[in-house]
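In: Any chance you can model this:
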Amino acid sequence: MGIVAKQSIYNLISIGLAFLIGAVNMLFLYPTFPGREFQGLIVALLANSNLIQPFLSFGVQHTLIKFFSDAKSKEERDRLFWFVILFPLIILIILVPLYLNYNLEILRFLSNDNKGVERFPFLIITIAISTAYFEIFFSWLRVNLKSIFGNFLKEVYPRILTFILLVSYAFKILDLDQFINFLIGGYYLRLLIIMGYSFFVYTPNFHFKLPKSMMPLLRYSGLIFLSGTAASFILDIDKSMIYSLTSDANVAFYAVAIYIAAVIEAPGRAMFQITSPLVAEALNSKNKVRLESLLKKSSINLMIVSGLLFLIINLNLEDFYNIINQQGYESAIGVVVIVSLGKLFSMSMGCLNNIISNSKHYSYVFWFSISSAILAVFLNYIFIKEDGILGAAFATLIVIIFINSCKILLVNYLFKIHPYSSKTLSVLLIISLIYILIYSLPSIFNPWLSILLRSLLIIGLFCIPLFRFSLSKEIETLFEKFIKRLF
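Out: Have a look, this model is predicted:
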């Protein structure tokens, strides 16, 4: 089994576990015990933290991935490692005092004068710092092709931490302020763990010299910083704007719906942890055949797995929300359907984003991100005021379709490659036919049993043409090895 397939599988297991624990948190513990207002507040606080985080890391985690394969000697690699560790400290020395002096103005701008968010400026900046450095050390592991434990810390650890804190809150062991303090402490414990493991995997010797290609490093980091800032706005501006334009409860409804739709991205998140450095290596060695192979294989495999998840999720939504049985949450069913369409489109692109960000044409990432951020703010403002959380979902879908289409055209123009083939049309046809066929089937009296039977039917109908027409050799090989281990 290749390293991409092997680590992707382990990463997918971690992400699957993370989504399972997160589902318990988002769909049961938050609504049942602290309530949807508390849930909306925590989601909004973390969203604002994510908006600040790119200013602190300055994109150096992506710089490490892009330039690592170019560093031919240990000394060059060591210089690169120390650069990505120490440079953000300079940023922190400059920005943290400014944030401490002007945090109220910054938070009022981000939250539209919402007093709930303004109460916890310390949480926002401290978690932003820990997350920024976590991403740097996670990239450290990725370039050394050791992404499994880092992915566990990235995906599973925060959900377990939240689970423990919510249970403690439910039993009145913690109040709100203690919940916040332990949440911060948990994020820094995660940072210490990944730092220790990163130095264990690869310990660089300290050099008093800067990397040789210092200006390209700074230029790339600067553009990725600006792009990352815009990307963070795209990811979290909808939650912040819903929080400021509507209510705390709507943020909770929307966050749960987005969480459900995000399951479709799980296979991509697992695969990209390992494909990103491989794409950078193919680009640096100018191996176009390898690059196209990575693009097309990642595209068809992600579309198959994500397409199956798309069907299972969207064809079981009513039963799923009946199980949740929390007042108001079912109002976001349409959000799941709309956003999951955008997620499926994104997954169909395979590792195309990695190609743009790791190539010499990386400056386009900045323009795409800025365009996306401006479009997202404009559309969210209009659509949220008009249609609430459903409007936010439509805004997200429009932004995804527009920007992803531009990226596909760009890569096709620059590299003469694209992610799609005749197999893509076959998978799309299978997804459409199964959706039409299963959608009209009624639910039975027990929602758990209904979800199980409908999901088994979906998987059966999906697998027949998948294996009959050999749409993915990689998935067939993994399936055969799985069967052999069972028997």
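In: wait, D238 sits on A255?
Out: No: assessed by Cβ atoms under 8 Å, D238 is found out of contact with A255, at 9.8 Å. The C-beta positions use only the backbone N, C-alpha and C, and glycine is treated the same way.
In: now for the one helix or strand S198 maps to, which elements pack on it?
Out: Taking DSSP states H and E as the criterion, S198 maps to helix 176-201. When contacts are defined as 3 or more Cβ pairs under 8 Å, 6 or more residues apart in numbering; DSSP states H and E, helix 176-201 sits against helix 121-143, helix 147-170.
In: now the longest one against helix 121-143, angle please.
Out: Spelled out, it's helix 147-170. 160 degrees (axes from the mean of the first three to the mean of the last three Cα atoms, to 10 degrees).
In: Highest mean neighbour count out of the helices and strands packed on helix 176-201?
Out: helix 121-143 (a mean of 23; mean count of other Cβ atoms under 10 Å).
In: tell me which strands and helices that one is in contact with?
Out: Using 3+ Cβ pairs under 8 Å, 6+ apart, helix 121-143 is in contact with helix 36-57, helix 60-68, helix 74-111, helix 147-170, helix 176-201, helix 266-284.
In: Now tabulate those in TSV and tack on distance to I374 and mean pLDDT.
Out: Output for the helices and strands packed on helix 121-143, formatted as TSV (distance: least, Cβ to Cβ, whole Å; pLDDT from 0 to 100):
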stretch	distance to I374	mean pLDDT
helix 36-57	15	74
helix 60-68	22	80
helix 74-111	16	76
helix 147-170	29	89
helix 176-201	31	89
helix 266-284	25	76
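In: Highest mean neighbour count out of those helices?
Out: Stretch with highest mean neighbour count among these: helix 60-68 (a mean of 25; mean count of other Cβ under 10 Å).
In: helices and strands around that one, which ones?
Out: When contacts are defined as 3+ Cβ pairs under 8 Å, 6+ apart, helix 60-68 sits against helix 74-111, helix 121-143, helix 214-245, helix 266-284, helix 352-358.
In: In a markdown table, list those along with distance to R468.
Out: Formatted as a markdown table, these follow (distance: least, Cβ to Cβ, whole Å):
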| stretch | distance to R468 |
| --- | --- |
| helix 74-111 | 47 |
| helix 121-143 | 36 |
| helix 214-245 | 39 |
| helix 266-284 | 22 |
| helix 352-358 | 28 |
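In: Of all the ones you listed, which one is nearest I451?
Out: I451 lies closest, by Cβ to Cβ, to one member of the helices and strands packed on helix 60-68: helix 266-284, at 17.9 Å.
In: The closest one: how far from the chain's middle?
Out: Centroid separation for helix 266-284 versus its chain: 14 Å, with Cα atoms, centre = their mean, to the nearest Å.
In: the inter-axis angle of that helix versus helix 121-143?
Out: 60 degrees.
In: May I have helix 266-284 as CSV, with CA atoms only?
Out: What follows is helix 266-284, C-alpha atoms only, in CSV (Å, rounded to 0.1, in the frame of the first residue of the first chain):
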residue,chain,number,x,y,z
ALA,A,266,-13.5,14.4,5.6
PRO,A,267,-11.8,12.2,2.9
GLY,A,268,-10.2,15.3,1.4
ARG,A,269,-8.9,16.5,4.7
ALA,A,270,-7.4,13.1,5.3
MET,A,271,-5.7,12.9,1.8
PHE,A,272,-4.5,16.5,1.6
GLN,A,273,-2.4,16.1,4.8
ILE,A,274,0.0,13.8,2.8
THR,A,275,-0.6,14.9,-0.9
SER,A,276,0.4,18.5,-0.3
PRO,A,277,4.2,17.8,0.2
LEU,A,278,4.1,15.2,-2.6
VAL,A,279,2.6,17.9,-5.0
ALA,A,280,5.3,20.3,-3.9
GLU,A,281,8.0,17.7,-4.7
ALA,A,282,6.5,17.0,-8.1
LEU,A,283,6.4,20.7,-8.9
ASN,A,284,9.9,21.3,-7.7
